[in-house]
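1. Got a predicted structure plus its sequence, pasted below:
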Amino acid sequence: MKSKASVIIGSIFAAYVAFVAVVVLVYEPTPDEMDWEDRQVYNSQKLNELTLGQDIATVKTLFGKADFTEAKSLKDGQLQVLFYRTHHEKSDGVTTKEECTPLIFKDDKLVAWGDDTYKQYLEAGTDIVSRTAKEAESSSKN
């Protein structure tokens with residue numbers, strides 16, 4: 001009787017160990033489930049997989065939820081910026097935009113990424129009011 005019980009217990013233990021091994025080897029957490037350090041490394045590595053013209057939905061699937069977002073209307077379309085944490089600046093428990101890499105989308109297509117291009121977009125006057133709003137403003141002054 002003791003040998004049957006030990007065989008059953010041993011079989012259950014072996015099945016449990018096999019299950020845990022499969023889960024550990026196969027399971028990959030999504031970016032949203034990672035802690036900040038793992039996500040930061042993940043995001044830095046995934047930047048190498050980006051290509052210009054990628055759809056915003058594809059990028060969101062790859063990177064997960066953005067740490068920060070911005071959006072602006074342009075006279076010739078829409079601009080959206082998603083910020084993903086990629087580098088550590090200061091241990092204060094708060095993620096800032098300075099610790100993120102901006103991904104810039106125009107009309108839901110990736111047009112640029114990185115701090116330098118984000119600054120260029122800001123300096124280029126992308127905060128343009130739509131033509132109809134400008135026309136309404138100028139006609140009200142007349």
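-> All right, it came through fine. The structure presented is a predicted model; accordingly, all values stated were derived computationally and were not measured. Residues are numbered from 1 along each chain as shown.
2. quick one: the strands in this protein?
-> 68-74, 77-85, 100-106, 109-113 (DSSP state E).
3. closest to Trp36 out of those?
-> Smallest distance to Trp36 across the strands of the chain (Cβ to Cβ): 6.7 Å, for strand 77-85. For every residue, glycine as well, the C-beta is placed using N, CA and C.
4. Counting by contacts, list what the closest one packs against.
-> helix 36-46, helix 56-63, strand 68-74, strand 100-106, helix 115-123 (3 or more Cβ pairs under 8 Å, 6 or more residues apart in numbering; DSSP states H and E).
5. distance between the third one and the chain's centre?
-> If I follow you right, that is strand 68-74. 15 Å (Cα atoms, centre = their mean, to the nearest Å).
6. partners of it in the sheet?
-> strand 77-85 (antiparallel) (DSSP bridges).
7. Redo the helices and strands packed on strand 77-85 as TSV? Include mean pLDDT, mean neighbour count and distance to Val22.
-> Listed next are these as TSV, based on pLDDT from 0 to 100; neighbours: other Cβ atoms under 10 Å; distance: least, Cβ to Cβ, whole Å:
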stretch	mean pLDDT	mean neighbour count	distance to Val22
helix 36-46	89	15	21
helix 56-63	93	15	25
strand 68-74	88	13	37
strand 100-106	93	22	34
helix 115-123	82	13	41
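8. quick revisit: which one of the strands of the chain lies closest to Ile9?
-> The closest approach between Ile9 and any of the strands of the chain, judged by Cβ to Cβ, belongs to strand 77-85 at 46.3 Å.
9. quick one: the closest one to strand 100-106, angle?
-> 160 degrees (axes from the mean of the first three to the mean of the last three Cα atoms, to 10 degrees).
10. ok, Gln40 to Lys65 distance?
-> Using Cβ to Cβ, to the nearest Å, Gln40 is found at 14 Å from Lys65.
11. and what of Ile104?
-> The gap separating Ile104 from Lys65 is 18 Å, by Cβ to Cβ.
12. so Ala66 sits right up against Gln80, yeah?
-> No: counting by Cβ atoms under 8 Å, Ala66 does not reach Gln80; the two are 9.6 Å apart.
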